[in-house]
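1. let me see the structure of the following:
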Amino acid sequence: MESKIEVLATVKIQNSPDLYKIVDCLNRTLKKDDLMFGLALDEKDQNQAIFTIYRT
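-> Okay, here's the model as predicted:
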């Protein structure tokens, strides 16, 4: 059984120490709707974060 993860949207935003709290809340709240959220630092600019929404 394969699980397919589809990227729905990606956006670069200003990095903030509390962004992970929002992503964690979204993941906990919308897991049942087959949505997953990711957050990563931009490799080229550590002041930018990359926020991604996935459908699982």
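2. need the pLDDT of N15.
-> Here the pLDDT value assigned to N15 is 96.
3. kindly export stretch 4-13 (C-alpha atoms) in PDB.
-> Output of stretch 4-13 as PDB, limited to C-alpha atoms (Å, rounded to 0.1, in the frame of the first residue of the first chain):
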ATOM      1  CA  LYS A   4       1.000   9.500  -1.800                       C
ATOM      2  CA  ILE A   5       1.800  13.000  -0.400                       C
ATOM      3  CA  GLU A   6       0.700  15.900  -2.600                       C
ATOM      4  CA  VAL A   7       2.000  19.400  -2.200                       C
ATOM      5  CA  LEU A   8      -0.900  21.800  -2.200                       C
ATOM      6  CA  ALA A   9       0.900  25.100  -1.500                       C
ATOM      7  CA  THR A  10       4.300  26.500  -0.500                       C
ATOM      8  CA  VAL A  11       5.100  30.000   0.700                       C
ATOM      9  CA  LYS A  12       8.200  31.800   2.100                       C
ATOM     10  CA  ILE A  13       7.600  33.800   5.200                       C
END
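4. next, K4: phi, psi?
-> The phi and psi values for K4, taken as degrees, to the nearest 10, are phi -110, psi 130.
5. quick one: contacts for it?
-> Counting by C-beta atoms under 8 Å, 6 or more residues apart in numbering, K4 touches T56. The way it works is simple: take the backbone N, C-alpha and C, and place the C-beta from them, glycine included.
6. noted, bye for now.
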